[in-house]
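Visitor: coords below, sequence missing:
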């Protein structure tokens, strides 16, 4: 005798894992400041380079970043991607632009959506400014900056940002 | 054993082991630790040839968790690097192998795990075979309890025996400023704590805790310049067993026995009694008893303390920061042999045997022999 | 501004939820079909390991393939037992206190992990237990097609 | 490297979007059985095992070396598990090589796999992390901006990506193990949907289930084997952090440093003329010209010219990815080891229909993370 020839082909498992994440002090400070329309970075004690969101230490100099600085909400699109693929849990009309934005005075870029323009109007070097959620609606989290929009200023020259994508 | 390269532990640092650190992320916990370990080893980051970390994505609750810590390890300009999805003591072993292959002379080993952010019960269930064991909801406490019951039935050890082992470790932990539970508790008190999964009581299990650790290893020629008392690796081996807990003899640890036999042969020692200190990665009293047996130590039950001092750190029963627990055992060996063990120092310690474990019911085991003198002339 | 030393912690709870559809393969798939269709427990006789329950398509001892099907009894002896005092949500298979057991089924050389829900106080190594099957129509082809084990007598 | 290391056996599964007939353990065992057979060895001959794969959430099994210990033949042996993002497969192979080079282990089995069809890679790899804006949109969304920057700074014409994709598919047609083998034309690629501009659908790697196993041995044992081994001349892994001011994400310094390091160890001065075949990790077609530059096969900003001339095609000066590469077969954790293994097969003269004639030296390469983790191996016919 033997077990049935026709096997059970699959088992279905649904993993449910509870997590409770901490932002850490640097990130908490950064996120809470967004509520006041402030973008904070941290400055490396060895090189003076500015990281946004603020890092506790600089990856290049391996030195502490002991000073918090405020950055303007304007910058340059250093590079970008036009997304035509729907992503689970994200309801933005396709296509949309996700850009690396180098804020003025920052030495690394942040991610942001670029809207209020056609995707084909976004270029490497386009100057953009943050569009914030209105007063009273900002919660102190990433969604406080809704997206970036072009400022209409002249495009930044490639050599000014090609090494801070 | 043919001649190997003399490699030493020359520095170590750790973050305080706490139930949770709400102020810092894993890389933020690690940054000062890496800096301190380098300082302790009198070395600049640029003089380190290689780095290797040990951590787990599931512990941290994010895929590629290890890549976050590249930001804090001083990896610029780019460095030679690797990562094992294991307790960092296996990263230390990989580095030691790398040194034997003469691929590096100095290295830092980092361990981290934001244990408080997840639920170890849920997470460690995922280590088990998905068809027959994980789907029953088995967690690490329950599998340890199964092992404990089998051992107690076979060896005739009772609840009081477990309490005695746990109390001994808690008393040792009280003298260790770097562990998490630092209060001695009597066996009688521990026996009053409630069962989590019987026969294991709350008092017989480690607390949930987290830390970050960094160990510095160096080969002969460089090690002496980095540490006043380098602690030399005399022998090491690790072995895994099949996983299915119902298909193994849970009451003994064959893989520890084999790893110890090989490590002892490499070290040129007869057995565990050639050491003055033994540090075990036991997360339950029963694991300690099984490991004692596997290494050839007496049970120590009934207050009979002969042979080497076992678990002067207080063992993982006083702190079990996952992914670091093993590396902390190696650190204890280093601290004991290099005069850095403070109040809990075992006097005259010249040789230590260090053990660490991974998986359910001691599935995977590593055994090290450390000494104050170079092993190979 | 100086860098933060200790600000009000910011935290977020999140449940990470992923579905997996796992292929069983020939041996595990037929073992599970045996539970579901036949209410029978099948082991594999493997050189060097005896009759292994639950079975794999390989020996965990020496990695060799092969073996032959052997039916074992749905009754056996407890080789290990742990009683979970307070079950954990989204993990454990019972809301009330229950026991995990390893059972060496009659005819098998290894022990099967499973659960017992009743008479927890009487459980001990050496006690005899028998499988309680999930009712017809409710067996889905998983190890939980054996609903639990219960003490014999 | 202190002691010589040889590849003495290679085995891989067929790769497909789903392997529903086998479970994870059995899929891995297919590759292992083939590798052992290839080496004329059995499990008893293996001293240690090194396992690699990408994140555990892909299969929902934590530290799977524990579950798989028995299936891998690891019972009572040493095993370790490497995880270095996309580079992991190649790094795992090099870790096994280190074990042999140490003199501690005579023969080491190394294995890499992914069975991503059991979960959902898109979910597992781009979850919503707390306190972080959601990751762009999978790996394609992450790397597309760097491809755009490459095009901008090199002045590469827009058809280059499509040429790479069509050529890779033609190559995959000669590889019986490849996942995607149906021929496609440059026109097909250009007509395929733009997913993450500038990356089109047919310029994107698939999701595959698959595994590869390799047996390595020391010199003495390798020479006893039934076949001519492939000797590992050099191998290294280099990594860099993500947030380095001025970091060049298009041609990362870690990749350049790693290449320089292994060429120096292997005594290679002119990779373009001294290496006869290369297997790069190209998950999106633009990375082929990018890596040609990063690895020193072409001057900066001129990698695309190699593609435009067709010098990287099968039968030409330096065939790149004659196996069809990651663009046509991508079991994530195994993809890097496939590059290593394919390079070894080319050196052994046993790559079958996609064998490049007269290979003496071959390069295997993988990268991962945010183009941060690099792993390169040089294999040779000569000890």
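Guide: Okay, I see it. What you see is a predicted model, and the numbers here were worked out from it, not measured in a lab.
Visitor: how about the one residue in chain C that gets nearest to chain A, what does it touch?
Guide: Nearest to chain A, among the residues of chain C, is residue C:29, at 2.9 Å (Cβ to the nearest Cβ). Backbone N, C-alpha and C define where each C-beta goes, glycine included. Shown in contact with residue C:29 (Cβ atoms under 8 Å, 6 or more residues apart in numbering or on different chains): A:7, A:8, A:9.
Visitor: what of residue B:342?
Guide: Taking Cβ under 8 Å, 6+ apart as the test, what residue B:342 contacts is B:175, B:177.
Visitor: again, only this time at 7 Å
Guide: Counting by Cβ atoms under 7 Å, 6 or more residues apart in numbering or on different chains, residue B:342 touches residue B:177.
Visitor: now it: phi and psi?
Guide: Dihedral angles of residue B:342 (phi, psi; degrees, to the nearest 10) stand at phi 50, psi -130.
Visitor: doesn't residue B:182 make contact with residue B:174?
Guide: Yes - contact criterion Cβ atoms under 7 Å: residue B:174 and residue B:182 qualify, at 5.5 Å.
Visitor: now stretch D:190-197: buried residues?
Guide: D:190, D:192, D:194, D:195, D:196, D:197 (16 or more other Cβ atoms under 10 Å in any protein chain shown).
Visitor: what number of residues lie near residue D:253?
Guide: Using other Cβ atoms under 10 Å in any protein chain shown, residue D:253 is surrounded by 18 other residues.
Visitor: ok, for it, nearest residue in space, not its chain neighbours?
Guide: residue B:78 (5.4 Å; Cβ to Cβ, 6 or more residues apart in numbering or on different chains).
Visitor: the chain: strands as residue ranges?
Guide: Since no chain was named, I'll use chain A. Remark: strands assigned in chain A by DSSP state E are A:10-22, A:39-43, A:50-51, A:67-71, A:74-83, A:96-103, A:110-114, A:127-132, A:145-150.
Visitor: switch to chain C, please.
Guide: Under DSSP E, chain C gives strands at C:11-23, C:41-46, C:50-52, C:68-72, C:75-84, C:98-105, C:112-116, C:128-133, C:146-151.
Visitor: quick one: mean pLDDT over the shortest one.
Guide: Per-residue pLDDT values across strand C:50-52 average out to 97.
Visitor: which residues of chain C lie near chain A?
Guide: Neighbours of chain A within chain C, by Cβ under 7 Å from any Cβ of the partner chain: C:1-4, C:6-7, C:9-24, C:26, C:29-34, C:36-38, C:42, C:69, C:71, C:90, C:141-142.
Visitor: now the helices for chain B?
Guide: Remark: helices assigned in chain B by DSSP state H are B:26-40, B:57-60, B:88-100, B:120-125, B:140-155, B:159-173, B:187-190, B:223-226, B:254-267, B:285-295, B:325-337.
Visitor: tell me which element residue D:95 falls in.
Guide: Here residue D:95, judged by DSSP states H and E, is contained in helix D:88-101.
Visitor: so is that helix next to chain B?
Guide: Yes - under the criterion of Cβ under 7 Å from any Cβ, helix D:88-101 makes contact with chain B via D:91, D:95, D:98, D:99, D:101.
Visitor: can you pick the most crowded of those residues?
Guide: Result: residue D:91 is most packed of the residues of helix D:88-101 next to chain B (other Cβ under 10 Å), 34 neighbours.
Visitor: how near is it to residue A:93?
Guide: Distance, residue D:91 to residue A:93, by Cβ to Cβ, to the nearest Å: 41 Å.
Visitor: surely residue B:375 touches residue B:232?
Guide: Yes - Residue B:375 is in contact with residue B:232 according to Cβ under 7 Å; the separation is 5.7 Å.
Visitor: okay, and the common contacts of the two?
Guide: With Cβ under 7 Å, 6+ apart as the test, residue B:375 and residue B:232 both reach residue B:6.
Visitor: rank the strands of chain C by pLDDT, which is bottom?
Guide: Among the strands of chain C, strand C:11-23 carries the lowest mean pLDDT (a mean of 91).
Visitor: nearest spatial neighbour of residue D:335, skipping sequence neighbours?
Guide: residue D:326 (5.0 Å).
Visitor: now do the phi/psi pair for the one you found.
Guide: phi -60, psi -30.
Visitor: so what sits opposite residue A:77 in the bridge?
Guide: Per DSSP bridges, the residues bridged to residue A:77 are residue A:101.
Visitor: distance of it from chain B?
Guide: Distance of residue A:77 to chain B, computed by Cβ to the nearest Cβ, to the nearest Å: 24 Å.
Visitor: surely that residue touches residue A:124?
Guide: Yes - at 6.4 Å, residue A:77 counts as touching residue A:124 under the criterion of Cβ under 7 Å.
Visitor: mind checking which of those two has more residues around it?
Guide: Between residue A:77 and residue A:124, counting by other Cβ under 10 Å, residue A:77 is the more crowded of the two (26 against 23).
Visitor: show the contacting residues for the more buried one.
Guide: Taking Cβ under 7 Å, 6+ apart, we find residue A:77 in contact with A:99, A:101, A:114, A:122, A:124, A:125, A:126, A:128.
Visitor: ok, back up a step: make a markdown table from the strands of chain C and add mean neighbour count to it.
Guide: Putting the strands of chain C into a markdown table (neighbours: other Cβ atoms under 10 Å in any protein chain shown) gives the following:
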| stretch | mean neighbour count |
| --- | --- |
| strand C:11-23 | 16 |
| strand C:41-46 | 23 |
| strand C:50-52 | 20 |
| strand C:68-72 | 17 |
| strand C:75-84 | 24 |
| strand C:98-105 | 25 |
| strand C:112-116 | 24 |
| strand C:128-133 | 18 |
| strand C:146-151 | 19 |
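Visitor: please report how far whichever residue of the stretch 201-350 of chain B sits closest to chain D lies from chain C.
Guide: Nearest residue of the stretch 201-350 of chain B to chain D (Cβ to the nearest Cβ) works out as residue B:242 at 4.0 Å. Per Cβ to the nearest Cβ, residue B:242 is found 4 Å from chain C.
Visitor: contacting residues around that residue?
Guide: Residue B:242 neighbours (Cβ under 7 Å, 6+ apart): B:248, C:60, C:61, D:69, D:70, D:75.
Visitor: which of those fall in helices?
Guide: Those of these lying in helices (DSSP H): none at all.
Visitor: go through these and name the one nearest residue D:375.
Guide: Nearest to residue D:375 among the contacts of residue B:242, counting by Cβ to Cβ, is residue D:69 at 25.0 Å.
Visitor: partners of the residue nearest the centre of chain A in the sheet?
Guide: When Cα atoms, centre = their mean is applied to chain A, the residue found nearest the centroid is residue A:111 (3.0 Å). Beta-bridge pairing for residue A:111 (DSSP bridges): residue A:100.
Visitor: kind regards, and thank you for your time.
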